[in-house]
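Asks: just to be clear, the model below is a prediction. Sequence and coordinates:
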Amino acid sequence: MARKRTEGTRAPNGASSIYVGKDGYWHGRVTVGVKDNGKPDRRHVQAKTEAEVIKKVRQLERERDSGTVRKTGQEWTVEKWLMHWYETIAVPNVRYKTRNYYWTAVNKYIVPGIGAHKLSRLEPEHIERFYARLRKEGAKSATLQQVHIALRASLNEAERRNRITRNPIRAVRAPKIEEIEIEPLTVDDARAILAIAHGRRNGVRWAIALALGLRQGEAIGLKWSDLKVEWHHGCSVAQPCGKRRADDCPSRQVTAMLTVRRALQRQTWQHGCDGGKCGGKRGADCPKRHSGGLVVVEPKSRAGRRVLSVPPPLVLALLEHREAQDVERQQAADVWQDEGWMFAQPTGRPTDPRADYGEWKDVLKAAGVREARLHDARHTAATFLLVLGVAQRAVMDVMGWSKIDMAQRYQHVPDELRQNIASQLGGLLWKGPDEEDDDGPTAAPVPA
């Protein structure tokens, strides 16, 4: 039977209690906090024996003391939590592409796969069997990685909000992702592209990609106001040109700074009616559509907003491009929409990412360069900085990286650099047969 308290005394406020009820079961009550309405949040457990109830009470007390007690209310399913997490937590706080990335994982894979489980009863084994089913159905490693990232983000948030007291994703190993071998373009490839691009409309756009490594959205989001050009006297003090202004100097030199302030994205149109009641299947068909088309967004990260020094040949190419665009503006007359875009359509409107990608493919074909992604130009620019021996901190600044480990992903050791290293090692460790060296080995003569 329950131990009776001394007559005239009472348990302190908030203390747990254990007692046997009229129903023959043992009951326990534990105060774990305060409800939203200000009343004590007192949880109830029961069992057939006193020992079982004591065990449950102590477990609740441990969860209370560690701040991991599950919230009250109707228990949520994985599906209900995922939809709440996506709509009210993820969407307002992540970028457009990340939202789409999460939505595909949640709607297409996670909800159909494990959505019916009670959130608090989801086990690591449920997740692992779910991943195994996806593999069996032919899902690629990148898809499994996408699902894992979205599920981990949602369950971590559920844990922070005490929707679950034990996070099952912590015990699940992330699916292995097959590394895509990226081969940056060579210097000869880059020169061939620049030679072809020079004679094409907006061709200097590819020089910016290969020399400065801008992301696609950053490059097509440039405006002329982002470019600051300065001319300097190139004559010597001993033999001055006599011109007051530097841009009138016969041997003038040019420098320029380019500021990355924005990016352009094509986003999917959203329904403006109530739940698609307009009858259109796509948001683009809705008469009240919104939030779609070409959209100006912030750079990918805080480090993405950066100022770059432009190589002098690229500055001259940009000035030549601006002159060509001025001619287009005059020819377009009233049709031209002057929004200041550096790489504009013949009407002055910004360049569409899909058209930009198509032009990249055309340039590669015309230059006789192998098939490559547009993002490979960014890998190429980062690799060129490695070949030039630019310090890692400066590379981060140029590429707009917030973490140094991005260099491992983007910088690749090309064959030219390997050969240069081998030559330097050869010169360090071996001498030619005509060179005297008493301290080190001599290179063996090459057989005829």
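Replies: Cool, got the structure.

Asks: quick one, grab the pLDDT at R205.
Replies: R205 is assigned 97 on the pLDDT scale.

Asks: just checking, what packs against the helix or strand containing it?
Replies: Assigned by DSSP states H and E, R205 belongs to helix 204-212. Packed against helix 204-212 by the contact rule (3 or more C-beta pairs under 8 Å, 6 or more residues apart in numbering; DSSP states H and E) you find helix 187-197, helix 216-220, helix 312-332, helix 353-367, helix 376-387. In short, each C-beta sits where N, CA and C put it, glycine included.

Asks: who wins for proximity to R266 among those?
Replies: R266 lies closest to helix 353-367 among these, at 5.2 Å (C-beta to C-beta).

Asks: CA atoms of that closest one as PDB?
Replies: This file holds the C-alpha atoms of helix 353-367, laid out as PDB (Å, rounded to 0.1, in the frame of the first residue of the first chain):
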ATOM      1  CA  PRO A 353      18.600  31.800 -66.700                       C
ATOM      2  CA  ARG A 354      17.400  29.100 -69.200                       C
ATOM      3  CA  ALA A 355      18.400  31.200 -72.200                       C
ATOM      4  CA  ASP A 356      21.800  31.900 -70.500                       C
ATOM      5  CA  TYR A 357      22.400  28.200 -70.000                       C
ATOM      6  CA  GLY A 358      21.500  27.500 -73.600                       C
ATOM      7  CA  GLU A 359      24.000  30.100 -74.800                       C
ATOM      8  CA  TRP A 360      26.700  28.500 -72.700                       C
ATOM      9  CA  LYS A 361      26.100  25.200 -74.400                       C
ATOM     10  CA  ASP A 362      26.200  26.900 -77.800                       C
ATOM     11  CA  VAL A 363      29.500  28.600 -76.900                       C
ATOM     12  CA  LEU A 364      31.100  25.300 -75.800                       C
ATOM     13  CA  LYS A 365      30.100  23.600 -79.100                       C
ATOM     14  CA  ALA A 366      31.300  26.400 -81.200                       C
ATOM     15  CA  ALA A 367      34.600  26.500 -79.300                       C
END
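
Asks: please spell out which residues along it are buried.
Replies: P353, D356, E359, W360, V363, L364, A367 (16 or more other C-beta atoms under 10 Å).

Asks: cool, stretch 241-254 as well?
Replies: Residues A246, C249, R252, V254 are the ones in stretch 241-254 that count as buried (16+ other C-beta under 10 Å).

Asks: which residues does stretch 26-44 contact?
Replies: With C-beta atoms under 8 Å, 6 or more residues apart in numbering as the test, stretch 26-44 has contacts from 14-21, 45-50, 52-54, 56-57, 60-61, 63-64, 69, 72.

Asks: what's the farthest-apart pair in the buried residues of stretch 241-254?
Replies: Spatial extent of the buried residues of stretch 241-254 (C-beta to C-beta) is set by the pair C249 and V254 at 10.8 Å.

Asks: what touches both of those two?
Replies: Shared contacts of C249 and V254 (C-beta under 8 Å, 6+ apart): W231.

Asks: centre of the chain versus the helix or strand harbouring A142, how much separation?
Replies: Using DSSP H and E, A142 sits in helix 141-160. Relative to its chain's centre, helix 141-160 lies at 15 Å (C-alpha atoms, centre = their mean, to the nearest Å).

Asks: what's that helix packed up against?
Replies: Applying 3+ C-beta pairs under 8 Å, 6+ apart, one finds that helix 141-160 contacts helix 78-84, helix 96-104, helix 124-136.
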